[in-house]
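Asks: model this:
(one chain, ligands or ions: 1)
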Amino acid sequence: MSGFPQAKTDLLPNGQRYSSPYLSDFVGGKVFTVCPKCGLQRRYDAARLLERAGDRCLPDLLNVIAAAEGCPRVGDKDDRCNLHYDIERMHQQPLAQSRNGS
Ligand SMILES: [Zn+2]
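Replies: Got it, this is the predicted structure:
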């Protein structure tokens, strides 16, 4: 027996919404990215990144970051950039609360 399929996301009336998390979900924290191939490691303030890049879903945003950082393998279909989020670190941090670091 089956009930309603569980929708994971709401569809906005003016467009689609991906089921992926959005950058705005991480405001108040940091966004960590790492590319093992290039050795690229970056940490962004989510709020600042949001201002610069707009509110994008994370997979989308990754391409923007890779291009902005000049990863040499961006767009290379044979040897793709392996840039990805360090999701674990991103979830370990306290979100949506501001802390004054000492
Ligand atoms: Zn790369």
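
Asks: how about the strands in this protein?
Replies: For the chain, the strands defined by DSSP state E occupy 30-35, 40-45, 84-85.

Asks: for the second one, packing partners?
Replies: Which is strand 40-45. strand 30-35 (3 or more Cβ pairs under 8 Å, 6 or more residues apart in numbering; DSSP states H and E). In this view, the C-beta of every residue, glycine as well, is placed from N, C-alpha and C.

Asks: Listing partners with orientation, what would you give for the strand it packs on?
Replies: strand 40-45 (antiparallel), strand 84-85 (antiparallel) (DSSP bridges).

Asks: wait, does it contact the ion?
Replies: Yes: using Cβ under 5 Å from the ion, strand 30-35 reaches the ion at residue 35.

Asks: which other residues reach stretch 51-64?
Replies: Residues outside stretch 51-64 that contact it (Cβ atoms under 8 Å, 6 or more residues apart in numbering) are 18, 20-24, 33, 49, 65, 74, 83-85.
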